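Enquirer: 3D, please:
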Amino acid sequence: MSDRSRPRRPRVRRRRLPLRYLLPSLLLVAMLCMLMLRGYVHSEILADHRVRPEAGTAQVPEKILDGGPVIDTRGGQESSRSIGRHKLVLTFDDGPDPEWTPKVLDVLKKHDAHAVFFVTGTMTSRHPDLVRRMVAEGHEVGLHTFNHPDLSYQSTERIDWELSQSQLALEGAAGVRTSLFRPPYSSFADAMDDASWPVTQYIGSLGYITVVNNTDSEDWKRPGVDEIIRRATPHGGKGAIVLMHDSGGNRAQTVAALDRFLPELQDKGYKFQNLSEALGMPGAHTPVSGIELWKGRAWVAAVQASEHLTDVMVVGLAVIGVLVMGRFGLMLLLSALHARRVRRRGFAWGPPVTEPVSVLVPAYNEAKCIENTVRSLMAGEHPVEVIVIDDGSTDGTARIVENLRLPNVRVIRQHNAGKPAALNRGLANARHDLVVMMDGDTVFEPATVRELVQPFGDPRVGAVAGNAKVGNRDSLIGAWQHIEYVMGFNLDRRMYDVLRCMPTIPGAVGAFRKSALAPIGGMSDDTLAEDTDVTMALHRDGWRVVYAEKARAWTEAPESVQQLWSQRYRWSYGTMQAIWKHRRAVVERGPSGRFGRVGLPLVSLFMVVAPLLAPLIDIFLLYGVVFGPTEKTVVAWLGVLALQLVCAAFAFRLDKERMTHLISLPLQQLLYRQLMYVVLLQSWITALTGGRLRWQKLRRTGALDAGLPGVPQQRSTSVADHDRRPVA
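Expert: Numbering: from 1, shown residues only. Below is the predicted model:
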């Protein structure tokens, strides 16, 4: 068969994971790896704190039991050595410690003495600069395992791991390897037993010299400076390996004893040397280079990164703690003041507003909802004209409204140009100065429009935010959004109203003066959050923006995670765009400057920074439960949850909502908040990488009907009854 006659295989295009998805995934994986690494180097993961009791000595050679503290089993030999007369080898275990090791080194340097530091891999990885100083000042360094386990309990694989990881840390910290080793929980040579001797033999087969001691200061007990000196001093001019500690607790007595011990014994003719000097043997350190050196440095760098990450996370946790407490405190205090002010007897914004209102309903493929929306407006208590702007719908939305043949309802058709363009088209055709804007999936109560426009009795008010409520709250995800709307949105609006810096008029229920919108250019399409954008612009132009709690509107919230993701992604990204667009308000004067120096920081902290840092609470909860003090961690998290529950209950009481939905609040905090965090993180990444986000239409079910409180019975009309042909 010729090449031309062969059928061509279709080219399969590989779908690449978008950067905005890839970066959050990589960031999450990196953070988890860093936390696991931190847990490992802090002996919170894979640590074994068991200590074996003493065993018999039948397998231990007599020459080892009766010999010196330096045990050599390399090459299959079994020998031990002691320190000569008037020679002392000071040894310090469990370091380096950032507080006490520098003080020990200072005392040694002051008295021109050398010592051996048996360091753990965990502390070496965390404080490499101290190990470098030890080597630079002529001291010797030995291994004391990585996580300080009793090696008699461990397999040979675990022993290999403990030693290799410790050497890796030492290589990265000081660029050397060592041949000295001291087992954890060791003491004198005659304490070697049938459990520890096989370990000593195996350690020797790996090329290490085991170093125990024959003088124990027992400084870890903190018996007092005099007692430490007494126990550390050998008798009759004998040489000794002295056991001390530079880590593991308060070592003030050790430092003070050392400062007296060194000159006193030097005056008696003792020399303080490191082990190789005292035994006249080759040095214990072997310099490393090449790949081994770079592997060690990479390890130390990774550990340092994990330490810094944790420090940053702790700072972030403190910040989010302050923000959460501050926000809750402000919300509880200011929302109570707001409710008390607007609910007091005789309160009025000004003269009653009775003039007709234009209601703009931008609609794109809202066939399932639009009839209920329009009929709810017609059942209202305030005179209105309704303008439905069909933004290029392809499902017969405009035809459904026209077939209703309702008075004072007009339909304006345009090619699809987006919600801001549709609203501006409606503004151009509105007959009245007071304009109400709502979504095509929203249902108003009879009193909504009347309550929404009453604040315009105050001539300083340029816009009014209504009380948006979730209508489809029967599902779990709907209940979570219901809690968020009542607690997070409406309680926030009360707070921002009192502070005179409300950032957003909700698209579902808001009212504007047409004369206030004209100077700022109407609804802008510069951002994806045109409602936030126009609200900030009104503040900067000197208008007041207030909240009308009785102007209730029922909206259909997303019913799937994917739809919720799309909606909140747009909201988050649009809010960031609006903050950036109006950033110059921070340095301006007058009303614009006031909003810039009060409103923008609050919006940035409470709507961007706080949600982004909030998951740190849950991360530390998980980390604390698995690796830390479980009871304290759980109690702290429950305390935060209790505070949120109090705030939510207060919000529900203000809005006269049933408390039963708060049953799902703990689950909301564990799951829903994480989704919002990822959405916000993705918005950040989209902004930082210069990505552009398009409007995404949410699928509606038309679930808002007569079952909602305060909403009049609507005549049910099936979408199939209308002409569903695309509208040109």
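Enquirer: What segments of the stretch 151-300 of the chain are helices?
Expert: For the stretch 151-300 of the chain, the helices identified by DSSP state H, counting those that start in this stretch occupy 156-174, 197-205, 225-232, 252-267, 275-279, 290-343, in order along the chain.
Enquirer: residues of the third one that come out buried?
Expert: Looking back up the chat, that one is helix 225-232. The neighbour-count criterion (16 or more other CB atoms under 10 Å) identifies Val225, Glu227, Ile228, Ile229, Arg231, Ala232 as the buried residues of helix 225-232. Yep, even glycine has a C-beta here, placed from its N, CA and C like the rest.
Enquirer: One more: the fifth one?
Expert: Applying a neighbour-count criterion of 16+ other CB under 10 Å, the buried positions in helix 275-279 are Leu275, Ser276, Glu277, Ala278, Leu279.
Enquirer: Verify the stated contact: Thr527 with Ser572.
Expert: No. In terms of CB atoms under 8 Å, Thr527 does not count as a neighbour of Ser572; the distance is 11.6 Å.
Enquirer: out of these two, which sits in the more crowded spot?
Expert: Between Thr527 and Ser572, Ser572 has the larger neighbour count (other CB atoms under 10 Å), namely 26 against 23.
Enquirer: tell me what the helix or strand where that one lies is packed against?
Expert: Secondary structure assigned from DSSP states H and E places Ser572 in helix 561-581. Helices and strands in packing contact with helix 561-581 are listed as helix 476-483, helix 530-540, helix 600-604, helix 673-688; criterion 3 or more CB pairs under 8 Å, 6 or more residues apart in numbering; DSSP states H and E.
Enquirer: Please write out the alpha-carbon positions of it in PDB.
Expert: This file holds the C-alpha atoms of helix 561-581, laid out as PDB (Å, rounded to 0.1, in the frame of the first residue of the first chain):
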ATOM      1  CA  VAL A 561     -19.100  22.600  43.400                       C
ATOM      2  CA  GLN A 562     -18.200  23.400  39.800                       C
ATOM      3  CA  GLN A 563     -20.700  26.200  39.500                       C
ATOM      4  CA  LEU A 564     -19.800  27.500  42.900                       C
ATOM      5  CA  TRP A 565     -16.200  27.500  41.900                       C
ATOM      6  CA  SER A 566     -16.900  29.500  38.700                       C
ATOM      7  CA  GLN A 567     -19.000  32.100  40.600                       C
ATOM      8  CA  ARG A 568     -16.600  32.700  43.500                       C
ATOM      9  CA  TYR A 569     -13.600  32.600  41.200                       C
ATOM     10  CA  ARG A 570     -15.100  35.500  39.200                       C
ATOM     11  CA  TRP A 571     -16.100  37.300  42.400                       C
ATOM     12  CA  SER A 572     -12.600  37.000  44.000                       C
ATOM     13  CA  TYR A 573     -10.800  38.000  40.800                       C
ATOM     14  CA  GLY A 574     -13.200  40.800  40.100                       C
ATOM     15  CA  THR A 575     -12.700  42.200  43.700                       C
ATOM     16  CA  MET A 576      -9.000  42.200  43.300                       C
ATOM     17  CA  GLN A 577      -9.300  44.000  40.000                       C
ATOM     18  CA  ALA A 578     -11.600  46.600  41.600                       C
ATOM     19  CA  ILE A 579      -9.200  47.100  44.500                       C
ATOM     20  CA  TRP A 580      -6.300  47.600  42.100                       C
ATOM     21  CA  LYS A 581      -8.300  49.900  39.900                       C
END
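Enquirer: And for it, what's in contact with it?
Expert: With CB atoms under 8 Å, 6 or more residues apart in numbering as the contact definition, helix 561-581 has outside contacts at 477, 481, 503-504, 526-530, 532-533, 536, 557-558, 600, 603-604, 607-608, 675-676, 679-680, 682-684, 686-687, 693, 695-696, 698-699.
Enquirer: okay, now Ala30: neighbour count?
Expert: When neighbours are counted by other CB under 10 Å, Ala30 registers 12.
Enquirer: pLDDT below threshold where in this protein?
Expert: Along the chain, the model assigns pLDDT under 70 to residues 1-25, 627-628, 687-728.
Enquirer: which helices and strands sit right next to the strand ranked longest in it?
Expert: Scanning the chain for the longest strand, with DSSP state E as the assignment, gives strand 544-555. Using 3+ CB pairs under 8 Å, 6+ apart as the contact criterion, the elements in contact with strand 544-555 are helix 290-343, strand 442-444, helix 448-453, strand 461-470, helix 491-499, helix 530-540.
Enquirer: Quick one, which of the helices of the stretch 151-300 of the chain gets closest to Met34.
Expert: helix 290-343 (4.3 Å; CB to CB).
Enquirer: tell me what that closest one is packed against?
Expert: Using 3+ CB pairs under 8 Å, 6+ apart as the contact test, the elements touching helix 290-343 are helix 19-41, helix 121-126, helix 156-174, helix 491-499, strand 544-555, helix 610-613, helix 615-627, helix 630-654.
Enquirer: In a markdown table: the ones you listed, plus distance to Asn365.
Expert: As requested, these are exported to a markdown table (distance: least, CB to CB, whole Å):
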| stretch | distance to Asn365 |
| --- | --- |
| helix 19-41 | 26 |
| helix 121-126 | 59 |
| helix 156-174 | 61 |
| helix 491-499 | 29 |
| strand 544-555 | 16 |
| helix 610-613 | 30 |
| helix 615-627 | 35 |
| helix 630-654 | 33 |
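Enquirer: what's the closest of these to Arg460?
Expert: strand 544-555 (4.8 Å).
Enquirer: quick one: that closest one to chain centroid distance?
Expert: Offset of strand 544-555 from its chain centre (CA atoms, centre = their mean, to the nearest Å): 33 Å.
Enquirer: now the angle from it to helix 290-343?
Expert: Interaxial angle of strand 544-555 relative to helix 290-343 (axes from the mean of the first three to the mean of the last three CA atoms, to 10 degrees): 100 degrees.
Enquirer: mind listing what the residue nearest to the spatial centre of the chain touches?
Expert: Within the chain, one residue has its C-alpha closest to the average C-alpha position: by CA atoms, centre = their mean, that is Leu616, at 3.4 Å. Residues in contact with Leu616 (CB under 8 Å, 6+ apart) are Met313, Gly316, Leu317, Ile320.
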